[in-house]
Each structure stands twice: as C-alpha cells, then as structure tokens.
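S.K.: turn this into a structure:
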Amino acid sequence: MPRRNNRPIVLAAAIVALILACGPRAKQRPSVGARDASVTTQPSPDTTIAASTRVSVDGGVDFALHVTNLHDRAIELRFPTGQTHEFFVLDSTGREVWRWSAGHLFTPSLQTRLLGARETVTYADRWDGAGKSGRFVAVAKLESQNHPVEERVDFVLP
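M.R.: Residues are numbered from 1 along each chain as shown. As a prediction, the model looks like this:
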C-alpha cells in the first residue's frame with residue numbers, strides 16, 4: 001500500500017491556525033473595579049488634538065477628560081454655548097443613570113478657548129454613585145464645534 005503525503009493538509013491547517021490567531025479582534029475598553037481606569041484616543045496623523053479619559057472609583061466616581069494640542073502653534077476651541085464638556089454614565093443596558101449637566105444652565109452664546117502649543121486642558125467632575133452597583137460606561141465629551149471628542153470607559157461599582 002502506498003504511503004500518503006499529509007504535508008499539504010498539515011500546511012493548510014497551520015496557515016488557517018496562524019490566520020485565526022493573528023486576525024482582527026474586537027476592541028475592548030478598559031474596565032475598573034475599586035480603583036481606576038483610563039482610555040486614550042490615538043490621534044491620526046491629521047489630528048490636531050489628543051484626548052484621554054480617566055475614571056477613578058473610591059467612595060464615588062471621579063472623571064477627568066484631558067485634551068492636548070498636538071501642534072507647535074496655538075489652536076482655538078469653539079463652543080456653541082457656555083458648556084465646554086459633558087460627562088454621563090450608562091448602565092449595562094445602555095440606560096443613562098447620571099448626567100453632569102442635568103440641572104445646569106449654560107449661556108447661549110459662542111465661547112472660545114485658546115489652547116497653546118502642546119498645552120493640555122483638563123475637565124473634571126464627580127458623581128457620588130450612591131445606591132448604584134454593577135457595570136457602567138462613563139462617557140466624556142469635549143463639546144467643541146471644531147474639535148469634538150467623545151471617550152468611553154467601562155467601570156464597575158461594587
């Protein structure tokens with residue numbers, strides 16, 4: 001009986017395994033338990049600003065949105081109202097459970113902020129999270145008309 005050559009089958013199986021191992025993966029957001037987590041947007045080459053968001057859980061939830069001018073010249077951030085930023089929290093079903101701006105009033109006039117070369121501005125707020133537990137998503141937004149940013153960070157309240 002002649003011997004079968006299994007090399008093509010083994011080679012094909014190895015190639016398929018390599019493709020599956022190196023293929024695309026779903027992007028995962030960092031999550032946080034009792035400490036903190038952050039996410040950083042990787043700017044594209046034509047982007048003017050970079051952003052990162054930090055969420056800290058410790059007796060409440062602290063949010064910080066850091067926005068950095070990547071250029072060697074100043075840029076102007078334009079806001080359609082007096083509101084420069086927003087933070088809100090979604091539960092595991094996507095339902096909003098808290099919004100920083102709820103109950104705030106903002107001027108209806110255009111506002112601008114000059115962000116110097118390589119300068120970073122930070123917007124920060126706090127939510128007490130009282131009576132809440134489980135998985136949540138924090139959303140941080142820069143409300144700029146010309147350089148909008150939105151970041152999402154998963155976190156857990158015990």
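
S.K.: need the next SSE after the strand or helix carrying Ala50, C-terminal direction.
M.R.: Per DSSP states H and E: Ala50 is located in strand 49-57. Following strand 49-57 in sequence order, the next helix or strand is strand 61-69 (DSSP H and E).

S.K.: so what does that next one touch, helix or strand wise?
M.R.: With contacts defined as 3 or more C-beta pairs under 8 Å, 6 or more residues apart in numbering; DSSP states H and E, the packing partners of strand 61-69 are strand 49-57, strand 85-91, strand 120-127, strand 134-142, strand 149-157. Yep, even glycine has a C-beta here, placed from its N, CA and C like the rest.

S.K.: what strands flank it, and is each parallel or antiparallel?
M.R.: strand 49-57 (antiparallel), strand 120-127 (antiparallel) (DSSP bridges).

S.K.: return the distance of the helix or strand that that strand is followed by from the chain's centre.
M.R.: Counting by DSSP H and E, the element after strand 61-69 in chain order, helix or strand, is strand 75-79. Computed by C-alpha atoms, centre = their mean, to the nearest Å, the separation of strand 75-79 from the middle of its chain amounts to 21 Å.

S.K.: in JSON lines, list the strands paired with strand 61-69 along with distance to Ser133.
M.R.: Shown next, in JSON lines, are these (distance: least, C-beta to C-beta, whole Å):
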{"stretch": "strand 49-57", "distance to Ser133": "11"}
{"stretch": "strand 120-127", "distance to Ser133": "14"}
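
S.K.: re earlier: tell me the most buried of the helices and strands packed on strand 61-69?
M.R.: Across the helices and strands packed on strand 61-69, averaging neighbours per residue (mean count of other C-beta atoms under 10 Å) puts strand 49-57 on top, at a mean of 21.

S.K.: so that one versus strand 75-79, what angle?
M.R.: When axes from the mean of the first three to the mean of the last three C-alpha atoms, to 10 degrees is applied, the directions of strand 49-57 and strand 75-79 differ by 60 degrees.

S.K.: run the chain-centre distance for strand 49-57.
M.R.: With C-alpha atoms, centre = their mean, you get 7 Å for strand 49-57.

S.K.: and the angle for it with strand 134-142?
M.R.: Our comparison of strand 49-57 with strand 134-142, counting by the same axes, to 10 degrees, yields an angle of 150 degrees.

S.K.: low-scoring pLDDT stretches of this protein, where are they?
M.R.: 1-46 (pLDDT under 70).

S.K.: right, and His71 touches Ala117 too?
M.R.: Yes - under the contact definition of C-beta atoms under 8 Å, His71 touches Ala117, with a separation of 6.3 Å.
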